[in-house]
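K.L.:
structure of the sequence below:
(chains A and B)
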Amino acid sequence: MILIPIWLAVDRLMDVTGKSPFTAIFSLSEHPLGTEAIYFSFVQALLSAILTLAIGLPIAWWLGRHQWKHLNIIRAALTLPFVTPTIVAAMGFLALIKTGGPIESIGIDLRFESGFIGWLSDATGIENSGHIIALLMAHAWFNLALVIRFVEPKIATIPPRFEESIRLLPIGKTRFNRARYFWWPMLRTSIGSAFVFTFIFSFTSFALVRWLAPDMWTLEALMAIEGGAAGIPNYRTEASLLVLGGATLQGIILLFALGLAGYWEQKKAISNDIVSESFARKTAGKPSPIARIGVALALSFALAPLISMLFSSIRIRDRTNESYGWSTEAWDIALTGDLTYVSALEALSNSIIYALACMVVSVLLGYAVASSIHAFESNGKKKTARAIDLLSMLPLALSGVMIGLGVLLGVLKVWPELFQWYGLPIIPHAMLTTPFVIRILLPALRSLDSTYDETAAMLGYSQFQRFIKVRIPLLKNSLVVAATLSIAFSLGEFGASWILLRSGSWDTLPILVDQLMARPKYFELVEPVAMATASLLMMITFILFVITERFREHQGGGF
Amino acid sequence: MISLSFSGCLGSSNEELVCNDGKDTGDDCVLTIVTYDINAISDDVLNEFTNQTGFEVQMIRTDDAGGILEHLLLTKDSPQADLALGLDNTYLQTAFEFNLLTEHNAEIPLLDSKATVPYNGNKAVPFDQGYICLNADTQALSENNISFPTTLEELTAPEWKGRTAFPSPVTSSPGRAFMVATVDYFEQQSTNTTAFDWWEDMADNDAIFTSGWTEAYETHYTGGYGIWNDGHIGDAWLTVSYCHSPGVEAFYGENSTISAAVLIDYASFSQVEYAASVNGGGSKNAVNAFIEYLLSDGINTNMPENNLMYSVLEGKDLPETSGYRHHSPVPSQPSTIEMDRIGEEMDGWLKDWRDSTNSI
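P.N.:
Residues are numbered from 1 along each chain as shown, chains lettered A, B, ... in the order given. Modelled structure (predicted):
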């Protein structure tokens, strides 16, 4: 289900271009922006990953080393950006960096690039440095949760006696040495995984690049813009060539990165020796003032774009005296749909229907795959299990735009009527979320105590009864987390839906936000209506996320 | 007039609306329109059409005119739409060449002669029009002591360095229309400079190239409403838009605007947008009914307010309200390049443009 549309799309593109995917990679340099897009994708993803670690590691350290009141709320707030739809993140950052916005008011003009940022541009010779900084900040904001989720539980569960022992040795006398010879070896796998995933998400960034760095191109953004003309015989063949070569190259890069992350994950599993978080935290004690300030700043960083966006939805331009006033008019218009074909509530209802359907498909499919892998592992067929496990990771190497183009060109080739089917967006959404479901359910299945199942069997329960009465209750927490994350990802999915919109009419909330933002805004309420719609999407995502957090088990790190 | 035209759709012994005249059944009661985000086709307009005719309307919305053409090309073997709404005269010839459109039988009212210049057959019907031209920020020019441009060549001078923004002709229909105009402009000059030499000079002069009109006008242009929006950059004093865009600014801005159309002979383009029956699509009665509805006085006269474009009906103009017409000059000599030449040479022009600008 996941790979067939992609295979069909590649076949179609090969037909149109007359080239294989690998030879198409070498044609990328013929596109005026091909080389630039590859270079920029790499550099900004690398810088984003470094910046995310620079911000995230101290936070993870402080959170993991101390006893915090309301730790779950702090964790939830810092993880919220990761489940925030990218289009909402883009709107939030636009609101944050605009003229008169919070960032500009402290003298950092990222949009007009005047003052210090202008000096930076002149000094470094880097064009659009303000926009690049805004993009890197947004990527760091979005991926901060990865560092915290991967690293913080690891720090919190390392037995304190390890550190005490190293302090007694001559090699552990200085902080630097302890960091080098103790903490780095203990944490490097978690840090490496966080780095790689941040790199992947930044490399495939589309909505944030589209709105925050409008003159810059990542491969993903270039494929999205050119993708509409791809796959059409005798029409702008260069667009098909770009999509074929770009998707292949991006797939290879992401696959390599995922392989690296998988390797580190394995190493982490071997070296995992943990104690309970509460034990380690009690030993470390209450947070220092610096830790408190650092975490407070991190919380402000995590929430500022979302709060700015909310304000932008009620701050309305007053044409009579060219100033701004406060009003909820934009919310009224968003909810009634007076400016758009569908109201925000109708788009929300579409989004929820797609998200629920996506959840059902991805949880069923994900459970089937995860339990197959687990069954092979239990039966000693480790190689088969590993092969399926790797295959199930493959879709993670496909970005939203790649999957959207795959469905557009692949499905259209064999079943054009499907493009009139209301439920079409469920396919790309499920393709994107199923690998995450597998990654959540597989560790849960592995940690199941088989004696419960065996006892139930001895008591005469059938296989179905054991599944319903034993396995489901034991997996409840993981299933709820998988289901709600699947819903949240589907609700916020942008790239694939944006591509499919070219050939259909599926108005989800993220698409409605983009439609409003892309429309001429002579009428002063258009942008506040877009902000109100994005705020609505943020609130729904937030509610879902709070539900997820109630069921999450914090042990050992990762999603 | 509308009720007479739709008599086949409206009449019924028990006063109920019937979508067919005895020939259409099932899916033919549903009209599927492929279009872009056209403001004029609001929910109210569609509901009124359904109330009048009984035809339900489904919309397939792409991002712009190019998206409509690409949708038609992608689904050529199994068309998903019955009516294409929004192809303009820079795309129409390509649609003809790929045999994507077919004849309609709608009754067409008397149209403005300008709207029928590019194409006057019955495979496509104009529904709105406007001139694409350069717009300049008069305030910025005045503050920087730069004279209002009267030729395209002036824009390659150092004082314009990094101060112009152009939507790409590859991905934007206004960008495409303006590129066609530049071809004509330089062909009319008595020099050896071609349009693509000029585009190369503009690229060397740090012109900003964007993928769409929105990015150029709203994000970069200093003379428009964009200055009030989140995300505005404001580094371009001149961009491509409609000659009546300053009029729209004034209409929404209490008769005040700092933006002005740059009227240079042959450097503007008369853009006409069309409604056309899709070859292989169904619901022919619905297609005809919708075209007639779109060209009805009640709908088409309101194009300037609802779709920010001129009506195509004879004798209609922009409203005087809030300086709309006053700030919307009409070019005396727009580009004269004909549609069939655009169809023939567009691929080559786009390639030359990309080679000249090294842009998308």
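K.L.:
residue contacts, the residue in the stretch 301-450 of chain A positioned nearest to chain B?
P.N.:
Nearest residue of the stretch 301-450 of chain A to chain B, counting by Cβ to the nearest Cβ: residue A:416, 3.8 Å away. For glycine as for every other residue, the C-beta is placed from the backbone atoms N, C-alpha and C. When contacts are counted by Cβ atoms under 8 Å, 6 or more residues apart in numbering or on different chains, residue A:416 touches B:75, B:77, B:78, B:80.
K.L.:
for residue A:412, see how far away the first one is.
P.N.:
Counting by Cβ to Cβ, to the nearest Å, the separation of residue B:75 from residue A:412 is 7 Å.
K.L.:
what is the closest residue to residue A:323 other than its chain neighbours paired to in the beta sheet?
P.N.:
Spatial nearest neighbour of residue A:323, excluding adjacent residues (Cβ to Cβ, 6 or more residues apart in numbering or on different chains): residue A:317 at 7.8 Å. With DSSP bridges applied, residue A:317 shows beta-bridge pairing to residue A:324.
K.L.:
correct me, but residue A:317 touches residue A:522?
P.N.:
No. Applying Cβ atoms under 8 Å, one finds residue A:317 not in contact with residue A:522, separated by 11.4 Å.
K.L.:
what ranges do the helices span in the stretch 1-150 of chain A?
P.N.:
If you assign secondary structure with DSSP state H, counting those that start in this stretch, the helices in the stretch 1-150 of chain A sit at A:4-17, A:21-27, A:34-65, A:71-83, A:86-97, A:102-105, A:115-124, A:129-157.
K.L.:
in a markdown table: these, plus distance to residue B:173 and mean neighbour count.
P.N.:
Formatted as a markdown table, the helices of the stretch 1-150 of chain A follow (distance: least, Cβ to Cβ, whole Å; neighbours: other Cβ atoms under 10 Å in any protein chain shown):
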| stretch | distance to residue B:173 | mean neighbour count |
| --- | --- | --- |
| helix A:4-17 | 23 | 20 |
| helix A:21-27 | 27 | 17 |
| helix A:34-65 | 24 | 20 |
| helix A:71-83 | 36 | 19 |
| helix A:86-97 | 24 | 28 |
| helix A:102-105 | 34 | 17 |
| helix A:115-124 | 33 | 13 |
| helix A:129-157 | 26 | 25 |
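K.L.:
out of the ones you listed, which comes closest to residue A:512?
P.N.:
With Cβ to Cβ as the measure, helix A:86-97 is the member of the helices of the stretch 1-150 of chain A nearest residue A:512 (9.4 Å).
K.L.:
just checking, what packs against the closest one?
P.N.:
helix A:102-105, helix A:129-157, helix A:207-212, helix A:289-312, helix A:472-492, helix A:509-518, helix A:526-551 (3 or more Cβ pairs under 8 Å, 6 or more residues apart in numbering or on different chains; DSSP states H and E).
K.L.:
including distance to residue A:359, could those helices go into CSV?
P.N.:
Compiled in CSV, these are given as follows (distance: least, Cβ to Cβ, whole Å):
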stretch, distance to residue A:359
helix A:102-105, 36
helix A:129-157, 21
helix A:207-212, 22
helix A:289-312, 24
helix A:472-492, 5
helix A:509-518, 16
helix A:526-551, 10
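K.L.:
which residue is the nearest non-sequential neighbour of residue B:209?
P.N.:
Of all residues beyond its chain neighbours, the one nearest residue B:209 is residue B:359 (3.9 Å), with distances taken as Cβ to Cβ, 6+ apart.
K.L.:
which SSE is that neighbour in?
P.N.:
Taking DSSP states H and E as the definition, one finds residue B:359 inside no helix or strand.
K.L.:
who's in contact with it?
P.N.:
A:32, A:33, B:168, B:203, B:209.
K.L.:
state the distance from residue A:198 to residue A:545.
P.N.:
For residue A:198, the distance to residue A:545 equals 19 Å [Cβ to Cβ].
K.L.:
so what are the domain limits for chain B?
P.N.:
Structural domains assigned to chain B are B:2-129+B:272-306, B:131-269+B:327-357, following automatic domain parsing.
K.L.:
by mean pLDDT, show me the worst of these.
P.N.:
The stretch with the lowest mean pLDDT among the domains of chain B is domain B:2-129+B:272-306, which comes in at a mean of 83.
K.L.:
close to chain A, is that domain?
P.N.:
Yes. For domain B:2-129+B:272-306, a contact with chain A is found by Cβ under 8 Å from any Cβ of the partner chain, at B:32, B:37, B:39, B:42-43, B:58-63, B:66-67, B:70-71, B:73-75, B:77-78, B:80, B:94, B:98.
K.L.:
can you tell me which of those residues are in strands?
P.N.:
When the residues of domain B:2-129+B:272-306 next to chain A are checked against strands using DSSP state E, the ones located there are B:32, B:58, B:59, B:60, B:61.
K.L.:
distance to residue B:285 and neighbour count added to the contacts of residue B:359, as JSON lines?
P.N.:
Supplementary listing: the contacts of residue B:359 in JSON lines, determined by distance: Cβ to Cβ, whole Å; neighbours: other Cβ atoms under 10 Å in any protein chain shown:
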{"residue": "A:32", "distance to residue B:285": "46", "neighbour count": "19"}
{"residue": "A:33", "distance to residue B:285": "46", "neighbour count": "22"}
{"residue": "B:168", "distance to residue B:285": "39", "neighbour count": "23"}
{"residue": "B:203", "distance to residue B:285": "50", "neighbour count": "18"}
{"residue": "B:209", "distance to residue B:285": "44", "neighbour count": "28"}
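K.L.:
just the closest of the residues you listed to residue A:104, please.
P.N.:
Nearest to residue A:104, judged by Cβ to Cβ, of the contacts of residue B:359 is residue B:209 at 26.2 Å.
K.L.:
return the residues of the stretch 301-450 of chain A in contact with chain B.
P.N.:
With Cβ under 8 Å from any Cβ as the criterion, the stretch 301-450 of chain A comes near chain B at residues A:312, A:317, A:319-320, A:337, A:341, A:408-409, A:412, A:416-417, A:419-420.
K.L.:
buried subset of those residues as a PyMOL selection?
P.N.:
Selecting just the buried residues from those in PyMOL takes one command, with 16 or more other Cβ atoms under 10 Å in any protein chain shown as the test:
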select buried, chain A and resi 312+317+337+341+408+409+412+416+419+420
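K.L.:
tell me the one of the residues of the stretch 301-450 of chain A next to chain B nearest residue B:51?
P.N.:
Closest to residue B:51 out of those is residue A:341 (17.2 Å), distances taken as Cβ to Cβ.
K.L.:
what's the neighbour count on the nearest residue to that closest one once chain neighbours are set aside?
P.N.:
Excluding its sequence neighbours, the residue lying closest to residue A:341 (Cβ to Cβ, 6+ apart) is residue B:43, at 6.1 Å. Applying the criterion other Cβ atoms under 10 Å in any protein chain shown, we find 14 residues in the vicinity of residue B:43.
K.L.:
among the contacts of residue B:359, which are in strands?
P.N.:
Checked against DSSP E, the contacts of residue B:359 include these in strands: residue B:209.
K.L.:
just give me the closest of the contacts of residue B:359 to residue A:396.
P.N.:
residue A:33 (26.3 Å).
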